[in-house]
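Undergrad: Provided below for reference: sequence and predicted model.
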Amino acid sequence: MNLLENNLKHPNESERLITNDMVSGMKNRIFLLTDGQVNNKDRIVNLVGSYCNQKGNDNFRVFTFGVGDDCDKSLVKEIALAGHGSYNFEKSRFEEI
């Protein structure tokens with residue numbers, strides 16, 4: 001599944017993409033990369049948590065990666081925790097000239 005064109009500001013679209021591409025009986029993993037922030041963090045975290053709890057901890061997990069200095073660190077952590085996954089941060093390596 002490729003969510004490169006997806007936008008976290010539209011969790012209903014995210015849910016549709018996730019549920020349509022789930023493989024029954026398989027261990028499904030989502031790797032979410034973000035470099036920004038959203039206005040509806042609680043809704044997204046609740047969506048991930050309820051879906052993961054419904055599918056079971058071992059069958060569906062979400063791992064998150066925060067990229068750059070401006071990513072919402074609490075969003076990255078909370079989605080990973082709700083998704084029974086883990087999180088990581090990668091700081092920007094660019095230096096101003």
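TA: Good, I have the coordinates.

Undergrad: which other helices and strands contact the biggest helix by length in the chain?
TA: Longest helix of the chain, by residue count under DSSP state H: helix 41-55. In terms of contacts (3 or more CB pairs under 8 Å, 6 or more residues apart in numbering; DSSP states H and E), helix 41-55 is packed against helix 11-20, strand 60-67, helix 73-82. In short, each C-beta sits where N, CA and C put it, glycine included.

Undergrad: and it, what's buried?
TA: Across helix 41-55, burial judged by 16 or more other CB atoms under 10 Å covers 44-45, 47-49, 51-52, 55.

Undergrad: of all these, which comes closest to residue 31?
TA: Distances from those to residue 31 were compared by CB to CB; the smallest belongs to residue 48, at 12.9 Å.

Undergrad: pLDDT-wise, which helix or strand of this protein ranks last?
TA: helix 11-20 (a mean of 56; mean pLDDT, DSSP states H and E).
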